[in-house]
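Undergrad: when you get a sec, could you give me coordinates for this:
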Amino acid sequence: MLSSCALQSRVAQAILGEDGRDLAPVLAKGAFDPLRRFNIYRNNTFASLTATLIAVFPITVQLLGENYFRHVAGAFIRNNPPQEAQLVRYGTSFPRFLADFDGIRAMPFIAETARLEWMIAEALDAPALPSCRLEQLADGEADTAPQIFLQPSLRLLVCRWPALDIWEAHQAGGNIEALASLSRRPERIALWRGQDSLRFLRLDASHFAFLHALKERASVEAAVSRVLAQAPGFDLEGAFGSLFAFGLVARIRHIQPPTK
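TA: From the prediction side, this is the model:
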């Protein structure tokens with residue numbers, strides 16, 4: 001008799017495999033064919049996971065066509081079973097899978113668009129916290145320095161192709177015909193969940209580096225020093241103004257600066 005762990009492993013392999021007949025000897029016989037009952041469960045599993053991927057990657061579905069997307073999704077599911085109980089978290093490695101998939105590798109903008117869609121899904125799943133005011137930067141004591149905590153939904157993405165252009169063209173009122181002249185062009189994107197909508201910004205390299213430093217919880221002083229070392233002419237006043245104007249600052253903590 002198989003142990004519980006070994007049985008679970010064997011069932012999982014049969015669900016993800018092409019054929020469940022190897023599992024027949026351990027299935028309990030009843031009024032109905034046990035293998036037929038198992039295949040119903042297996043088909044429902046694939047259908048549920050495929051539906052999840054279709055919901056998370058709707059633009060990728062349009063780029064590939066639904067039938068071919070389902071084919072690709074099946075290959076992905078067989079090699080990437082869910083690791084968490086929440087289906088909303090399923091699909092994190094799907095963009096990387098697309099980048100290496102035969103037949104799609106020659107169209108890298110598809111995987112790039114899928115990367116953007118996954119970050120959109122993450123942002124929508126994150127909370128939108130009340131934002132701080134610019135004046136709160138000065139609330140600390142004279143011997144403290146502010147540390148900024150950005151909205152937990154903020155995602156930063158560097159694309160080799162204009163993924164945001166592709167995504168916007170497929171929204172209501174978008175111009176898909178404009179994609180006929182699509183060419184490789186890097187994009188640096190910030191996206192986050194506002195109180196009532198998803199927000200996007202296209203950033204230059206310096207602004208992206210500044211936000212990235214703050215997102216990694218560098219102090220304001222460290223983030224400023226880092227970006228000014230790369231771009232001495234960086235518009236700090238404009239960068240700070242946009243942080244607060246867009247509601248990206250969720251918390252400010254005033255800390256003692258490290259002793260030099």
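
Undergrad: number of residues surrounding Gly74?
TA: 14 (other C-beta atoms under 10 Å). C-beta here means a position set from N, CA and C on the backbone, and glycine is covered the same way.

Undergrad: ramachandran angles for it?
TA: phi -60, psi -40 (degrees, to the nearest 10).

Undergrad: that one and Leu49 touch, don't they?
TA: No - using C-beta atoms under 8 Å, Gly74 is not in contact with Leu49, being 9.1 Å away.

Undergrad: for the protein, name the helix or strand with the lowest mean pLDDT.
TA: Scoring the helices and strands of the chain by mean pLDDT, DSSP states H and E places helix 4-16 at the bottom, with a mean of 56.

Undergrad: beta-bridge partners for Gln147, please?
TA: Arg253 (DSSP bridges).

Undergrad: how about it, what does it touch?
TA: Neighbouring residues of Gln147 by C-beta atoms under 8 Å, 6 or more residues apart in numbering: Arg217, Ser219, Val220, Ile252, Arg253, His254, Ile255.

Undergrad: what separation do you get for it and Ala213?
TA: 11 Å (C-beta to C-beta, to the nearest Å).

Undergrad: what's across from the nearest residue to Phe246 once chain neighbours are set aside in the sheet?
TA: Using C-beta to C-beta, 6 or more residues apart in numbering and skipping residues adjacent in sequence, the residue nearest Phe246 is Arg199, 6.6 Å away. Going by DSSP bridges, Arg199 is paired in beta bridges with Trp192.

Undergrad: isn't Arg199 right next to Leu191, touching?
TA: Yes - the pair Arg199 / Leu191 is scored as a contact, 6.7 Å apart, by C-beta under 8 Å.

Undergrad: the two: who's more crowded?
TA: Per other C-beta under 10 Å, whichever of Arg199 and Leu191 has more neighbours is Leu191, with 21 against 18.

Undergrad: quick check: that one vs Pro58, distance?
TA: Using C-beta to C-beta, Leu191 is found at 16 Å from Pro58.

Undergrad: cool, and Trp192?
TA: Taken as C-beta to C-beta, the span from Trp192 to Pro58 is 20 Å.

Undergrad: ok, the two, which is more surrounded?
TA: Comparing Trp192 with Pro58 by neighbour count (other C-beta under 10 Å), the higher total belongs to Trp192, at 23 against 15.
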